[in-house]
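Engineer: Need coordinates for the following:
(2 chains)
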Amino acid sequence: MTMVKIVGIDLGTTNTRIAYMEAGRPTMIPNAEGKRITPSIVGITPKGEVIVGELAKRQAVSMPDRTVRSIKRKMGQDYRVKLGDKEYSPQEVSAMILRKVKQDAEAFLGEKIEKAVITVPAYFNDSQRQATKDAGKIAGLEVMRIINEPTASALAYGLGKGKEAKILVFDLGGGTFDVSILDIGQDVYEVLAVSGNTHLGGDDWDQRIIDWIASEFKKTNGIDLTRDLAAMQRLKEAAEQAKNELSSVGQTTISIPYVTADQTGPKHISMELNRSRFEQMTDDLLQSTIGPVRQALSDAKLEAEQIDKILLVGGPTRMPMVQTLVRSIFGKEGDKSINPDECVALGASVQGAILAGEVKDIVLLDVTPLTLGVETLGGVATPLIPRNTTVPTRKSQIFTTAANSQTAVEIHVVQGERPFAKDNVTLGRFQLVGIPPAPRGIPQIEVSFDIDANGIVKVTAVDKATGNKQGITITATTNLSDSDIQRMVKDAEKYKQEDTKRRTQIETKNNADQMIYQGEKLVEELGAKVPEDLKKEFEDTSQKLRAAIDADDYDKMKSGSDALQQVIYRISEKAYAAGGPGGAGFDPSQMGGFAGSGPKAGRKATKKPKKPEGSDDDDAVDVDFEDL
Amino acid sequence: MPRKKLEDNKEKSNAEPEEVALDIPIEDETESVKERADEFFRALQYTKADFENYRKRMESRIGELTRAANDGLVLKLLDIYDNLERAATVDFTTSPEAAKDGVDAILQQMNKFLASEEVRPIESLGKQYDPYYHSSVSRLTDPDRPDGVVVEEYQRGYMIREKVLRPALVCVNRHNMPVVDPTDSEETPITNEGMKDGE
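Structural biologist: Next up, the predicted model:
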């Protein structure tokens, strides 16, 4: 693995971002201000100091003669911009932006950065690309490659690994809109068509909200806020926030207290804006994205149905209206699983890592798509390896028996997100036998999961006392399709409430059972120290509780457990008063809900309550497991 | 080392063909090197996967910690919120003085809270404009006042510890504003004529 880092830089019209590959994963690098985004604005202060990003943005209004933004629009042109006393080429200005992100990244990573991959729009011509490369050189960067922004997005999505596909990248930025169609072949990214609108972006949507607030305010108060720069600044912030909120909720409140004042006193803004109203007022903006999409399709001589994947890039694609539009054009969802603001920079860093020789197939690792676990008392699925764990990995946990003198435990390996084993997929089951008879909770059975890089799961169970060992190997964990996995994850969400209720019931049941057991143990240990009447009371109460357990009556189980706990307290007290055996105080509060906290494997031997699913006999000694 | 052996062997086997049996230890060596390579590779896979899982754990842990840190702040804010709620129920027309006192008291409470978080206001008026502390939202030309000085503050700025939490929104005095059209304040001096959509 090379030690030289090649960063990826998304040198945008409005904002610039930088990313690098950290241990195989593309990762954004924050700037000195702690932000993952640097405005592409450059300023020279009266003292002659170069400022870039947020600081330059702050002086843009008072020092417009010393500030420049959107220099990307001038790249490759014979153009000079005057900043203060000196004139600069677009390359020099871009270099200042690049130098800022480079220096900030060096400070963040603690090492020199000398090489970079920089992205440009697919429609950039040779001189624009050369100018971008020159900007890198001026900034002290060796530009290893200039790549197209849509190609970078495809790389961020990991596309192009030998799979052929036609991709449409729908890139709606702050101030520009680009549509590109890529033909991805074996390691080749060919741009089939580009289209767009260089003056359409999220800022236009913000502006609509600003205009709306201002006009509504004028209607009710007769005051024109557009002349009040400070008020407009607050409107702008509120509008942007409202737009972002409406991406996740249906309605938002825009509240700007003390926005202005007249003779009658202070004036406040408090307005409701719902999503459909917002969509109405910006519908023409949305509709204007359709033309370029159609244009790109016709230039590429493709029908919408022939597009395999649509990538949504740029923050404004978070707006549900954009996603709906894409769905209506293509009949399928646009992919937005990678942060749309960061996609391009992340993809550039992937290219950088490829050039540095860092990305090699040999150590590409998978993750477990679903949680793996074992079934424990009450049919609970106890997770050992959570979903999204990178493999290979190992994990083990100690379990114990649920009944006295239990000599066998069944290890039921399940996969899925639901809290109960029966709602998940069975991967296999086997029994560990020959456990020496002991009171419940005493034997220690270590269950280990070992998943190798190919996703093959080895499950073993070892009785710590005897060293007896049993296990299975499951090779078919990845038989599930993506849609199966999606469904299983969604189901877990859907049935969450129900499952939680059932889980609480199981805990109640296990608790009651444990309470009876501990009480019996205590009574037995204390022997004659327990007065007869108390002993009788204990037996009656625990019998009632036992009946409630058998009847699956959870309310009675709860009240019965409480009653039994009181009796046990009194027995403890009496025993103390009589000088109990070595402080044999028994604290029922220690028992907790152990189905949740301390998982117990195995079956009950003392009684055989109805099991929700096919139950194995406790005395079964046959090692019997199936590999599904 | 292995190569040397290989060569030795080759010579030998060329010279004396019946000693071909010597190949076996060489094969063993390749085998063991291969085994070691496999072992290292597996170890690398595990290390990488462990690192990934560690990172995932840390990320969720950092998320939790951030939320926990916010909880503390929100708790302090709740005290202030309670009082604001009380203030909102007071009838301002019957006892305006008392109502105003209440609001003032809440403001004091808020000041105390900010001070405890090491938040303090940025002084702007009359100071030389500095983009580190000030964000300009307008400008004017007043020859009677010094050039490049903040002449109005629309929204106060704040520092938290040694950092600017929020810059002040200000108006700056400029004696001479060459070349740039003052109506073009919000927009950039860069225009887009001649910009083509693509090649």
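Engineer: Low-confidence stretches in the chain?
Structural biologist: Answering for chain A, as no chain was given. A:1-3, A:160-162, A:187, A:358-364, A:476-479, A:576-628 (pLDDT under 70).
Engineer: looking at chain B here, not the other one
Structural biologist: B:1-27, B:177-199.
Engineer: and the longest helix along it with chain A, contact?
Structural biologist: Using DSSP state H, we find that the single longest helix of chain B is helix B:23-89. Yes - where contact is defined by C-beta under 8 Å from any C-beta of the partner chain, part of helix B:23-89 touches chain A, namely B:41-42, B:44-46, B:48-53, B:55-56. Yep, even glycine has a C-beta here, placed from its N, CA and C like the rest.
Engineer: Filter those residues down to the buried ones, ChimeraX style.
Structural biologist: Selecting only the buried entries of the residues of helix B:23-89 next to chain A in ChimeraX, with 16 or more other C-beta atoms under 10 Å in any protein chain shown as the criterion:
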select /B:45,46,48,49,51,52,53
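Engineer: which of the residues of helix B:23-89 next to chain A lies closest to residue A:450?
Structural biologist: residue B:46 (10.5 Å; C-beta to C-beta).
Engineer: mind giving me the domain split of chain B?
Structural biologist: Segmentation of chain B into domains, based on automatic domain parsing, reads B:80-116, B:121-182.
Engineer: any chance of these in a markdown table, with distance to residue A:343 and mean neighbour count too?
Structural biologist: Output for the domains of chain B, formatted as a markdown table (distance: least, C-beta to C-beta, whole Å; neighbours: other C-beta atoms under 10 Å in any protein chain shown):
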| stretch | distance to residue A:343 | mean neighbour count |
| --- | --- | --- |
| domain B:80-116 | 38 | 12 |
| domain B:121-182 | 29 | 16 |
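Engineer: closest one to residue A:23 among these?
Structural biologist: domain B:121-182 (29.9 Å).
Engineer: Next one: residue A:433 from chain B, what distance?
Structural biologist: Distance, residue A:433 to chain B, using C-beta to the nearest C-beta, to the nearest Å: 32 Å.
Engineer: any idea which helix or strand comes after the longest helix of chain B?
Structural biologist: Toward the C-terminus, helix B:23-89 is succeeded by helix B:96-116 as the next helix or strand (DSSP states H and E).
Engineer: Would you mind listing the buried residues in the helix or strand containing residue A:143?
Structural biologist: Assigned by DSSP H and E, residue A:143 belongs to strand A:142-148. Within strand A:142-148, the residues that qualify as buried by neighbour count (16+ other C-beta under 10 Å) are A:143, A:144, A:145, A:146, A:147, A:148.
Engineer: Equivalent analysis for stretch A:391-402, please.
Structural biologist: For stretch A:391-402, by 16+ other C-beta under 10 Å, it's A:391, A:392, A:393, A:394, A:395, A:397, A:399, A:400, A:401, A:402.
Engineer: repeat for stretch A:154-171
Structural biologist: Buried-residue list, stretch A:154-171, by 16+ other C-beta under 10 Å: A:154, A:155, A:156, A:157, A:159, A:160, A:167, A:168, A:169, A:170, A:171.
Engineer: still on that earlier bit, next, the angle from the very next helix or strand once past the strand holding residue A:143 to strand A:142-148.
Structural biologist: Going down the chain from strand A:142-148, the next helix or strand is helix A:149-156, by DSSP H and E. Angle, helix A:149-156 to strand A:142-148, by axes from the mean of the first three to the mean of the last three C-alpha atoms, to 10 degrees: 100 degrees.
Engineer: List the contacts of whatever helix or strand comes next after helix A:149-156.
Structural biologist: Remark: after helix A:149-156, the chain's next helix or strand is strand A:165-172, criterion DSSP H and E. Contact with strand A:165-172 is made by A:149-150, A:153-154, A:159, A:177-184, A:192, A:196, A:200-202, A:289, A:293, A:296-297, A:300, A:302, A:306-314, A:316-317, A:322, A:326, A:330, A:334, A:344, as judged by C-beta atoms under 8 Å, 6 or more residues apart in numbering or on different chains.
Engineer: Now for the closest residue to residue A:142 other than its chain neighbours: which residues touch it?
Structural biologist: Sequence neighbours aside, residue A:115 is the residue nearest to residue A:142 in space, at 4.8 Å (criterion: C-beta to C-beta, 6 or more residues apart in numbering or on different chains). Residues near residue A:115 by C-beta under 8 Å, 6+ apart: A:4, A:5, A:6, A:7, A:141, A:142, A:143, A:144, A:352, A:355, A:356.
Engineer: Could you export those as TSV, including distance to residue A:47?
Structural biologist: Output for those, formatted as TSV (distance: C-beta to C-beta, whole Å):
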residue	distance to residue A:47
A:4	36
A:5	33
A:6	35
A:7	30
A:141	27
A:142	32
A:143	31
A:144	36
A:352	36
A:355	40
A:356	39
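Engineer: Would you mind measuring from residue A:151 to residue A:144?
Structural biologist: 14 Å (C-beta to C-beta, to the nearest Å).
Engineer: Then residue B:80?
Structural biologist: 54 Å.
Engineer: Ok, residue A:531 next?
Structural biologist: 87 Å.
Engineer: Quick check: end-to-end length of stretch A:21-35?
Structural biologist: 18 Å (C-alpha to C-alpha, to the nearest Å).
Engineer: Now for residue A:287, how many residues are close by?
Structural biologist: Other residues lying near residue A:287 total 10 when counted by other C-beta atoms under 10 Å in any protein chain shown.
Engineer: Quick check: the gap between it and chain B.
Structural biologist: On the measure of C-beta to the nearest C-beta, residue A:287 and chain B end up 18 Å apart.
Engineer: again, but for residue A:45
Structural biologist: From residue A:45 to chain B the distance is 7 Å (C-beta to the nearest C-beta).
Engineer: ok, that residue touching residue B:132?
Structural biologist: No - shown here, residue A:45 and residue B:132 do not form a contact pair, counting by C-beta atoms under 8 Å, at 9.6 Å.
Engineer: can you list residues touching both of the two?
Structural biologist: Common neighbours of residue A:45 and residue B:132 (C-beta under 8 Å, 6+ apart) do not exist.
Engineer: counting contacts, what elements does the longest helix along chain A pack onto?
Structural biologist: In chain A, with assignment by DSSP H, the single longest helix is helix A:496-526. Applying 3 or more C-beta pairs under 8 Å, 6 or more residues apart in numbering or on different chains; DSSP states H and E, we find helix A:496-526 packed against helix A:532-550, helix A:554-577.
Engineer: which parts of the stretch 1-150 of chain A sit against chain B?
Structural biologist: A:23-25, A:43, A:45-46, A:51, A:55-65, A:67-71, A:73-74, A:77, A:81-82, A:121-125.
Engineer: so of these, which ones are in strands?
Structural biologist: A:25, A:43, A:51, A:67, A:68, A:69, A:81, A:82 (DSSP state E).
Engineer: possible to save those residues as CSV with neighbour count?
Structural biologist: Shown next, in CSV, are these (neighbours: other C-beta atoms under 10 Å in any protein chain shown):
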residue, neighbour count
A:25, 14
A:43, 25
A:51, 22
A:67, 27
A:68, 25
A:69, 23
A:81, 19
A:82, 16
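Engineer: Out of those, which is nearest to residue A:380?
Structural biologist: Looking across those and measuring by C-beta to C-beta, the closest to residue A:380 is residue A:25, at 34.0 Å.
Engineer: Please report how far that closest one lies from residue A:350.
Structural biologist: 10 Å.
Engineer: What is whichever helix or strand residue A:204 is part of packed up against?
Structural biologist: Element membership for residue A:204 (DSSP H and E) is helix A:202-221. Other helices and strands packing on helix A:202-221, by 3+ C-beta pairs under 8 Å, 6+ apart, are helix A:229-245, strand A:251-262, strand A:265-274, helix A:275-281, helix A:283-287.
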